[in-house]
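>>> Build me a model from this:
(one chain, ligands or ions: 2)
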Amino acid sequence: MASWLLYLFSTIVLAQAAVIVPGASWTDTEGNIIQAHGGGFLKVASTYYWFGEDKVLDSTLFHAVSCYTSTDLETWTRESDALTPISGTMISTSDVVERPKVIFNTMNSEYVMWFHSDTSNYGAAMVGVATAKTPCGPYTYKGSWKPLGADSRDEGLFLDDDGTAYLLYASDNNQNFKISMLDTNYYNVTEQVSVLTGATLEAPGVIKRDNVYYLIASHTSGWDPNPNKVFTASSLAGPWSTQVDIAPEDTNTYYSQNAYDMPLGTNGIYMGDRWDVSALGSSTYIWFPLSWASGLPVIVKADVWNVNLATGTYTVATGTTYEAESGTLGGSAVLLTDSSYSGGQAVGFLGDGGTLTLDIIGIGEAQWVSLYYANGDSTWRNTTLSVNGGANVVVQQPSSGGGHVIQSVPVKVTLKNGANTLTFSSGQASFAGDLDKIIVYTTA
Ligand SMILES: *[C@@H]1O[C@H](CO)[C@@H](O)[C@H](O)[C@H]1NC(C)=O
Ligand SMILES: *[C@@H]1O[C@H](CO)[C@@H](O)[C@H](O)[C@H]1NC(C)=O
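Ligands and ions are numbered 1, 2, ... in the order given. Okay, here's the model as predicted:
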């Protein structure tokens, strides 16, 4: 093959298969951390728009609804903000604007944004609506109110095939979950079509597939995650099925909360937030394939995966596993034995004098490494990591919920071609999570 043809071929392959690494720090084309938490997505022609909460100030208070664009779901360019604060209104810098969702109204060619509009103590429990003639706006704020006079906190929108739109929302002091139909302008709700009573649900999204509606939502536990669920119905009016887990219950949805659910071919993408309460702006995005292989959507746990939008498919990357117990323990580190660990063992008492060194093979590139760990309690921990004796980097280890629940976090490290040495938890005063194993990936 001529080299130009090879180049063209590899470029096409790269362009089609974006790499998604859940829980990594995602940056935009300017190198800034993506600030689009509690996000909503809209596709216009071949461009995806990502609207979300800009939490760069690490505050719950309103700063901006950001707008990012991408054609592959991996490379995101920050556009001008879609919605910015207006003093003296319910969207001032002392109020709360969360979970912005945008739908397009073909009837009058208008983009309509709905969001959770609240006061700083979350006592107002309203929806806010804003409109624009272009996807990123800026949007013109129309107002905030209680839909049909009732509370609305965490919300989402669903646009059905026939152009009818619905508000999905936690209502009645978060005790009931409601679905209400919007008017033809998408400016207001007109009637309640369903209520899941006694269901403390929030952070909803709906995917329709083969005329079945799949409602994915979390329960209510503040910023801490819980086992997100799916409910099914053949009509948005219900009856809704009982709840089913979308991930192993003890992982609390791999430490994340649903924000949006996007169809992908005959499957979908779970798009969630891993909230970091101590630094909200550093909260990461947890996107996983949602597979319907069992008949119900289930998260496919993938450290590194490719989404191919042209074919509507995904591929989960495979890597090389190195068990922590196969490494060299240093200082106060100890071997732990429990059936929940891969290989039956992990290395504990890392940090505060305990270290672990693993010999691994690299391919001479910046590579993703996934650390599988369990914190002994429900605190957040971190571990230092040194590659080939180089400077320590700090890798955050969100709460695993205590016990022996294993979570994973990715870190990108530059490896030599051939043998490399990774040293964990040296030079750190606090305890790191117990390390079960690491997986080294070659997919960049
Ligand atoms: C939406 O409808 C409610 C009645 O349910 C009304 O009080 C409110 O003013 C309406 N808002 C807008 C922006 O039309
Ligand atoms: C690492 O964790 C310890 C203990 O929780 C904390 O005191 C420290 O600030 C953390 N370091 C970083 C860089 O996050």
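
>>> pLDDT averaged over stretch 134-144, what's the number?
For stretch 134-144, mean pLDDT rounds to 98.

>>> Pull out the buried residues from it.
Pro135, Cys136, Gly137, Tyr139, Tyr141, Ser144 (16 or more other Cβ atoms under 10 Å). All C-beta spots, glycine's among them, are computed from the backbone N, C-alpha and C.

>>> Am I right that the fifth one is in contact with Pro85?
Translated: Tyr141. No - Tyr141 is not in contact with Pro85 according to Cβ atoms under 8 Å; the separation is 9.7 Å.

>>> hmm, back to that, among the buried residues of stretch 134-144, which are located in strands?
Using DSSP state E, the subset of these located in strands is Tyr141, Ser144.

>>> Output the buried residues of stretch 134-144 as JSON lines; include the columns distance to ligand 1.
Formatted as JSON lines, those follow (distance: Cβ to the nearest ligand atom, whole Å):
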{"residue": "Pro135", "distance to ligand 1": "22"}
{"residue": "Cys136", "distance to ligand 1": "22"}
{"residue": "Gly137", "distance to ligand 1": "18"}
{"residue": "Tyr139", "distance to ligand 1": "14"}
{"residue": "Tyr141", "distance to ligand 1": "10"}
{"residue": "Ser144", "distance to ligand 1": "9"}
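
>>> which among the buried residues of stretch 134-144 gets closest to ligand 2?
Checking the buried residues of stretch 134-144 against ligand 2 by Cβ to the nearest ligand atom gives Cys136 as the nearest, at 33.7 Å.

>>> can you tell me which residues contact the closest one?
Contacts for Cys136 (Cβ atoms under 8 Å, 6 or more residues apart in numbering) come out as Tyr49, Cys67, Thr69, Glu79, Ser80, Asp81, Ala82.

>>> hang on, the earlier thing: find the residues that touch each one of Tyr141 and Pro85.
With contacts taken as Cβ under 8 Å, 6+ apart, Tyr141 and Pro85 have Ile91 as neighbours in common.

>>> roughly how far apart are Val298 and Asp151?
Distance, Val298 to Asp151, using Cβ to Cβ, to the nearest Å: 31 Å.

>>> And for Thr200?
Computed as Cβ to Cβ, the Thr200 to Asp151 distance reads 13 Å.

>>> Which one's more surrounded, the two?
Shown here are Thr200 and Asp151; by other Cβ atoms under 10 Å, Asp151 has more neighbours (22 against 17).

>>> Help me confirm that the more buried one comes into contact with Ala125.
Yes - shown here, Asp151 and Ala125 form a contact pair, counting by Cβ under 8 Å, at 3.8 Å.

>>> any common contacting residues for these two?
Asn173.

>>> The one residue in the chain that gets nearest to ligand 1: neighbour count?
Across the chain, the shortest distance to ligand 1 (Cβ to the nearest ligand atom) belongs to Asn188, at 3.7 Å. Number of residues near Asn188 (other Cβ under 10 Å) recorded here: 16.

>>> Which residue is the nearest non-sequential neighbour of it?
Distances taken as Cβ to Cβ, 6 or more residues apart in numbering place Leu182 nearest to Asn188, at 6.9 Å, with adjacent residues excluded.

>>> ok, now how distant is that neighbour from ligand 2?
According to Cβ to the nearest ligand atom, to the nearest Å, Leu182 and ligand 2 sit 43 Å apart.

>>> Provide the partner residues of that residue in its beta bridges.
Taking DSSP bridges as the rule, Leu182 bridges to Val189.

>>> My guess is it contacts Glu191. True?
No - using Cβ under 8 Å as the test, Leu182 is too far from Glu191 to be in contact (9.8 Å).

>>> Just want to know which of the two has more residues nearby.
Neighbour totals were compared for Leu182 and Glu191, and Leu182 leads with 24 against 9 (other Cβ under 10 Å).

>>> Are stretch 17-26 and ligand 2 in contact anywhere?
No - using Cβ under 6 Å from any ligand atom, stretch 17-26 stays clear of ligand 2, with a minimum separation of 12.9 Å.

>>> which other residues reach that stretch?
Residues outside stretch 17-26 that contact it (Cβ under 8 Å, 6+ apart): 33-34, 72-76, 254, 256, 274, 282, 284-288, 302-309, 315, 317, 368, 408-412, 443-444.

>>> Ok, stretch 319-335 next?
303-304, 342-343, 345-350, 352-361, 368, 370, 425-426, 435-443.

>>> Could you tell me which of the residues you listed belong to strands?
Of the positions in the contacts of stretch 319-335, 345-348, 354-361, 368, 370, 435-440 sit in strands, assigned by DSSP E.

>>> Give me the buried subset of these.
The neighbour count (16+ other Cβ under 10 Å) marks 345-348, 354-356, 358, 360, 368, 370, 435-440 as buried among those.

>>> which regions of the chain lie under the pLDDT threshold?
Counting by pLDDT under 70, the chain shows low-confidence ranges at 1-16.
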